[in-house]
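Novice: Quick one, fold the following:
(4 chains)
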There are 4 protein chains.
Amino acid sequence: MTRIDNFKSIIDRYKVVFFDAFGVLKTYTGLLPGIERTFAYLEQQNKDYYIVTNDASRSPAQLAESYHRNGLSAISADKIVSSGMLAKEYLDLKVNDGIVAYLGTADSAHYIERSGLHTLHINQVDSSNIEKVNALVFLDDEGFNWCDDLNKAVNLLRKRTIPAIVANTDHAYPKSLHDVSIAIGGIAHMVEKIVGKEFIRFGKPDSQMFMFAYDLLRERGPISKQDIVMVGDTLQTDIWGGNKFGLDTVLVLSGNTQAKDAETRITTTGIVPTYICGSAVVEYDEFGF
Amino acid sequence: MTRIDNFKSIIDRYKVVFFDAFGVLKTYTGLLPGIERTFAYLEQQNKDYYIVTNDASRSPAQLAESYHRNGLSAISADKIVSSGMLAKEYLDLKVNDGIVAYLGTADSAHYIERSGLHTLHINQVDSSNIEKVNALVFLDDEGFNWCDDLNKAVNLLRKRTIPAIVANTDHAYPKSLHDVSIAIGGIAHMVEKIVGKEFIRFGKPDSQMFMFAYDLLRERGPISKQDIVMVGDTLQTDIWGGNKFGLDTVLVLSGNTQAKDAETRITTTGIVPTYICGSAVVEYDEFGF
Amino acid sequence: MTRIDNFKSIIDRYKVVFFDAFGVLKTYTGLLPGIERTFAYLEQQNKDYYIVTNDASRSPAQLAESYHRNGLSAISADKIVSSGMLAKEYLDLKVNDGIVAYLGTADSAHYIERSGLHTLHINQVDSSNIEKVNALVFLDDEGFNWCDDLNKAVNLLRKRTIPAIVANTDHAYPKSLHDVSIAIGGIAHMVEKIVGKEFIRFGKPDSQMFMFAYDLLRERGPISKQDIVMVGDTLQTDIWGGNKFGLDTVLVLSGNTQAKDAETRITTTGIVPTYICGSAVVEYDEFGF
Amino acid sequence: MTRIDNFKSIIDRYKVVFFDAFGVLKTYTGLLPGIERTFAYLEQQNKDYYIVTNDASRSPAQLAESYHRNGLSAISADKIVSSGMLAKEYLDLKVNDGIVAYLGTADSAHYIERSGLHTLHINQVDSSNIEKVNALVFLDDEGFNWCDDLNKAVNLLRKRTIPAIVANTDHAYPKSLHDVSIAIGGIAHMVEKIVGKEFIRFGKPDSQMFMFAYDLLRERGPISKQDIVMVGDTLQTDIWGGNKFGLDTVLVLSGNTQAKDAETRITTTGIVPTYICGSAVVEYDEFGF
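Specialist: Residues are numbered from 1 along each chain as shown, chains lettered A, B, ... in the order given. Below you'll find the predicted structure:
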């Protein structure tokens, strides 16, 4: 029923491709089989790309390394735009001194470390330093004790009028074929509702993610939004956000949205991708090898 | 600025008093000083009362015993209507067999144990028994591992189309003079948002809580809603719920709502109590001793 | 895929049936063909029933008359419980004097007229009487100028700290085979969000609707919730509300929920009816004529 | 209690000023007295500025003309960034052919008119053209019949899976000293909730508004976010949006936020401006004339 477009013929029409990561390039079992062909084709055709991902669990360098370990050597750290980088930019611009408290792992804390700022795991916030805490950042769902540290986060935000920054807006993420895990965005939403304050959230579908990648492109030469296509597996983040930013969009059926549900979900949400493809894999024969 | 009414003269006008517990009869440090006089006065005047509380952490018997230990011997278990009792009634009426999984302590599990049903702590749900789970009940914020067991709850509800029952709608509760704790109602809301299903919540301001106490009253003789006054410290639960059920309401300033904020909060929420009192304590001289 | 139960054999198991009206007994074209047999059967079997409907546009007497006009003479006014009756009860109990302003038709204003209260169409509220307005009631989507009078309602509620009562929680209702109309519940929600105050809403799925009918039953003799089955076409109101109140529930596929969607909707909402039937019509041969 | 900063000394520290319009430059009675001195000072000091406003009721040219009529000749159309311009950009990029239906006045329709697209007032959508409608735009609260045309909008969006664009996110706007009016953003929210689809909304606090002005600046030369300060009267739009985009922010007390409430609102919302000023007016003596 749903019309399925050919991925290669779509990217032929654009100069730049933005990719979501999870459900598009990789799944919980590793890389999407054949996805390396897509990047070989992009290189052959001299097309640019960015990976635009809601992830603040690891630095771009660590994320790139994990692609390399899995056999996709094409992706370098400078091609990855993560929601953690937006949290970092916010702190760079808006928090000049004092302590930045965080929830997450040591890996995730990479995003908020810089000279002049003191970063502190939420479990180390106490009466001796609370007055110096100037921001709280929700980075990752791992690396802290949910019960103790979420209660601590609630009470910190009740006592201090400081920005609360959420470095990943997702409420859940896939863990295995049948299971999901609660993401830091879901946890932060609970804390936000309890303290009744407005949190600052970074991640798709928010335009700032797309703008960050778009700005990186513009630094290297003139480009128009019409030259870019956004590829993702989730209507509410990748497609809705890409559409709103003014990009053409491709829904791929290799992740969150399955072929049998695509039509219904598009109709009920009103979020319409420009194209629908089985996956972001460029087929061999398409490639001309 | 706010007109303060005399609590004794208010209860003189009604046959029955409904009390909220926390912030009205007790605080995190123990009983509200002098509150025993209120219950002595009610007894002297032959007035009936119920304690209507969002609490599923302990049974009415255990709740009554804690009043006794603190020196308030007047309150018996049959005078306590807790949100846990409504969760229990729901299971009695609607879940006939199989397993009821729960999040909470052993004390809280009291509410859901009965012949014919098998209760199981969420951490014991696995592939061998998941198909027999016919309901999931959120009872208390203690007694489980938040990270492991909330992820388990999310995945249980994704796999099984079963009712999820929340036995306490509160999102937070006071822990000490300056700190609150996240309550099971807040936790359940996060899970509900992630799984995208409609949970069944029991607790004020929902009318079913007031109805439960009202039905107990009616079993003992004719009574009208106009004979009852609801006393509470929270506009959004006690006062809004009492008003909606058709009761007159007293806002006391001994808990959640402080004297300096009362007027502003009433204006901004549009929730108007019939009366405002400093506390639910009947003063000695008023008492005529 | 969905198991379809036989409606007659279901009602044989209960003493009392609660019916939703729209999509169950009637549609936009008139009575559901054959529904009169259901009421004949109920009478023959000596079973009691109530029609429990989110409707404040007309009085129970007018609603009954409309059934009569359409050929269903069995339904009398005292068998109809409408959300308007709960708004009326609220005003009876909680608003003692002054002016009650309303949005709706003259027919709907029936619900709020009583000795001692002065009712006033919203368009007649002005600086000469605004200080006497003690409640605002949202009754019906017709009978007022949306632009002028909704702006008037917003400003009334900004100036006066008074209860705002919504006599029908529905956000939309079917108008014809392909079209819906915005209902007063949807309009009131917009006003509520703009003024930022808590409105008091009456109508399914709220328990107070079911309680009202249950109380009418109890006045006439002992009855248990297990003796009652709720029949409706909408999962979020009829089924969810009936379940929460502790009743067994029948989803009928003659209205809002179509046969092809029923299974998906039950799974995605987590709202599970006890039974599913094609319609609430008792077939001839089942009837034994 | 609140520290009040000197507006002139603040703008001395930045190269560019972004101004909100309503409550900052003008009120319902006209220009803010003395505001022309601020623009004279900006010109004298060679500082750049943009007016960033949630408004799609009139074109930038018409908005500029209204400043001129009121005596503020400094503001030209190219200095105004309105939310209507973002709606226009969206249509330019994403809707290539067919009909764009709209709710609003003829003045507001200016934003969506361009060669290749056919614009149609919602009241002219009918069965003969509905299949060609490729977008619906909410522009202004005036220029249509709320009852008829909102019902028409609801049914259009139920029948056609097309983007719904909201050109102004505000839910209400000030009409006079004591009254507000419902804005198109509030109306669109009601329609969105009824149809259950995701609308695309343009306007502060969304980053895309700030990005649009920032891009105009960058076309003229290198600039950093640290060179820009955003001035507004509303915490939830101007200040929260400015902060999130990485700008320093000034809350002025000449509009939505009054001096007596500022501290409380900042604490309860957790939205903290960099500075607080009485107004955006540069005083004479500060000016050095």
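
Novice: Next, the contact list for the residue in the stretch 101-250 of chain A positioned nearest to chain D, please.
Specialist: Residue of the stretch 101-250 of chain A nearest chain D, by CB to the nearest CB: residue A:197 (3.0 Å). C-betas here are computed from N, CA, C, even on glycine. Taking CB atoms under 8 Å, 6 or more residues apart in numbering or on different chains as the criterion, residue A:197 is in contact with A:157, A:164, D:268-271.

Novice: Could you check which residue of chain A lies nearest chain C?
Specialist: Counting by CB to the nearest CB, chain A gets nearest chain C through residue A:264, at 7.9 Å.

Novice: quick check, the residue of the stretch 101-250 of chain A closest to chain D in a helix?
Specialist: No: secondary structure of residue A:197 (DSSP: H, G, I helix; E, B strand; the rest coil): coil, not part of a helix.

Novice: re earlier: is the residue of chain A closest to chain C in a helix, a strand, or coil?
Specialist: Residue A:264 ends up helix, using three-state DSSP.

Novice: ok, it - contacts?
Specialist: Going by CB under 8 Å, 6+ apart, residue A:264 touches residue C:264.

Novice: now it: how far from residue A:4?
Specialist: From residue A:264 across to residue A:4, the span is 16 Å (CB to CB, to the nearest Å).

Novice: try residue A:98
Specialist: Distance from residue A:98 to residue A:4, by CB to CB: 53 Å.

Novice: ditto for residue A:162
Specialist: Using CB to CB, residue A:162 is found at 49 Å from residue A:4.

Novice: ok, now residue A:42?
Specialist: 21 Å.

Novice: got it, and residue A:58?
Specialist: Look at residue A:58 and residue A:4: by CB to CB, they are 33 Å apart.

Novice: Buried residues, stretch A:154-164. List them.
Specialist: The neighbour-count check on stretch A:154-164 (16 or more other CB atoms under 10 Å in any protein chain shown) flags A:154-158, A:160, A:162-164 as buried.

Novice: the more surrounded of residue A:98 and residue A:4?
Specialist: Shown here are residue A:98 and residue A:4; by other CB atoms under 10 Å in any protein chain shown, residue A:98 has more neighbours (17 against 12).

Novice: How about the secondary structure of the nearest residue to the more buried one once chain neighbours are set aside?
Specialist: Leaving aside its sequence neighbours, residue A:98 sits nearest to residue A:134 (CB to CB, 6 or more residues apart in numbering or on different chains; 3.8 Å). The three-state assignment at residue A:134 reads strand, by three-state DSSP.

Novice: now the helices for the stretch 101-250 of chain A?
Specialist: Under the criterion DSSP state H, counting those that start in this stretch, helices of the stretch 101-250 of chain A are mapped to A:106-109, A:146-159, A:184-195, A:207-219, A:240-245.

Novice: For whatever helix or strand residue A:49 lives in, name the packing helices and strands.
Specialist: Using DSSP states H and E, residue A:49 maps to strand A:48-53. Contacts defined by 3 or more CB pairs under 8 Å, 6 or more residues apart in numbering or on different chains; DSSP states H and E place strand A:48-53 against strand A:16-19, helix A:35-44, strand A:80-82, helix A:207-219.

Novice: circling back to that earlier point, and chain D, which of the buried residues of stretch A:154-164 reach it?
Specialist: A:157, A:162-164 (CB under 8 Å from any CB of the partner chain).

Novice: Out of the helices of the stretch 101-250 of chain A, which one sits most buried?
Specialist: helix A:240-245 (a mean of 26; mean count of other CB atoms under 10 Å in any protein chain shown).

Novice: Send over it as CSV, restricted to the C-alpha atoms.
Specialist: Backbone C-alpha positions of helix A:240-245 (Å, rounded to 0.1, in the frame of the first residue of the first chain) are rendered in CSV as follows:
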residue,chain,number,x,y,z
TRP,A,240,8.9,16.1,12.1
GLY,A,241,12.0,18.0,13.1
GLY,A,242,13.5,17.7,9.6
ASN,A,243,10.3,18.9,8.0
LYS,A,244,9.9,21.9,10.4
PHE,A,245,13.5,22.9,9.7
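
Novice: Which strands or helices does it pack on?
Specialist: Going by 3+ CB pairs under 8 Å, 6+ apart, helix A:240-245 lies up against helix A:207-219, strand A:228-232, strand A:248-252, strand D:200-201.

Novice: quick one, which of those is nearest to residue B:242?
Specialist: strand D:200-201 (37.4 Å; CB to CB).

Novice: Indicate whether the closest one makes contact with chain A.
Specialist: Yes: Strand D:200-201 reaches chain A (CB under 8 Å from any CB) through residue D:200.

Novice: just to revisit the earlier point, what angle sits between the strand holding residue A:49 and helix A:35-44?
Specialist: 140 degrees (axes from the mean of the first three to the mean of the last three CA atoms, to 10 degrees).

Novice: Contacts for strand A:48-53, please.
Specialist: Contacts of strand A:48-53 (CB under 8 Å, 6+ apart): A:15-22, A:25, A:39, A:42, A:63, A:75, A:79-83, A:204, A:209-210, A:213, A:216-217, A:230.

Novice: just checking, next helix/strand downstream of it?
Specialist: helix A:60-69.

Novice: Measure how that next one sits relative to strand A:48-53, angle-wise.
Specialist: Using the same axes, to 10 degrees: helix A:60-69 against strand A:48-53 is 110 degrees.

Novice: of the buried residues of stretch A:154-164, closest to residue D:108?
Specialist: The closest of these, once distances to residue D:108 are taken by CB to CB, is residue A:163, at 35.2 Å.

Novice: So that closest one is in contact with residue D:273, correct?
Specialist: No: between residue A:163 and residue D:273 there is no contact under CB atoms under 8 Å: 11.6 Å.

Novice: just how off-centre is stretch A:87-106 within its chain?
Specialist: 18 Å (CA atoms, centre = their mean, to the nearest Å).

Novice: Rounded mean pLDDT for it, please.
Specialist: Mean pLDDT, stretch A:87-106: 96.

Novice: pull the CA atoms of it into PDB?
Specialist: Provided in PDB are the C-alpha atoms of stretch A:87-106 (Å, rounded to 0.1, in the frame of the first residue of the first chain):
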ATOM      1  CA  ALA A  87      24.300  21.100  25.900                       C
ATOM      2  CA  LYS A  88      28.000  21.800  25.800                       C
ATOM      3  CA  GLU A  89      27.500  24.900  23.700                       C
ATOM      4  CA  TYR A  90      24.800  26.200  26.100                       C
ATOM      5  CA  LEU A  91      27.100  25.800  29.000                       C
ATOM      6  CA  ASP A  92      29.900  27.500  27.100                       C
ATOM      7  CA  LEU A  93      27.700  30.500  26.300                       C
ATOM      8  CA  LYS A  94      25.600  30.800  29.400                       C
ATOM      9  CA  VAL A  95      27.400  29.400  32.500                       C
ATOM     10  CA  ASN A  96      30.600  31.200  33.300                       C
ATOM     11  CA  ASP A  97      31.600  29.900  36.700                       C
ATOM     12  CA  GLY A  98      30.800  27.800  39.700                       C
ATOM     13  CA  ILE A  99      29.800  24.100  39.700                       C
ATOM     14  CA  VAL A 100      27.900  22.200  37.000                       C
ATOM     15  CA  ALA A 101      26.200  19.200  38.600                       C
ATOM     16  CA  TYR A 102      25.300  16.200  36.300                       C
ATOM     17  CA  LEU A 103      23.500  12.900  36.100                       C
ATOM     18  CA  GLY A 104      25.300  10.400  33.900                       C
ATOM     19  CA  THR A 105      28.500   8.400  33.400                       C
ATOM     20  CA  ALA A 106      32.100   9.700  33.400                       C
END
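
Novice: nearest to chain B, of the buried residues of stretch A:154-164?
Specialist: residue A:155 (4.8 Å).

Novice: Alright, I will stop here.
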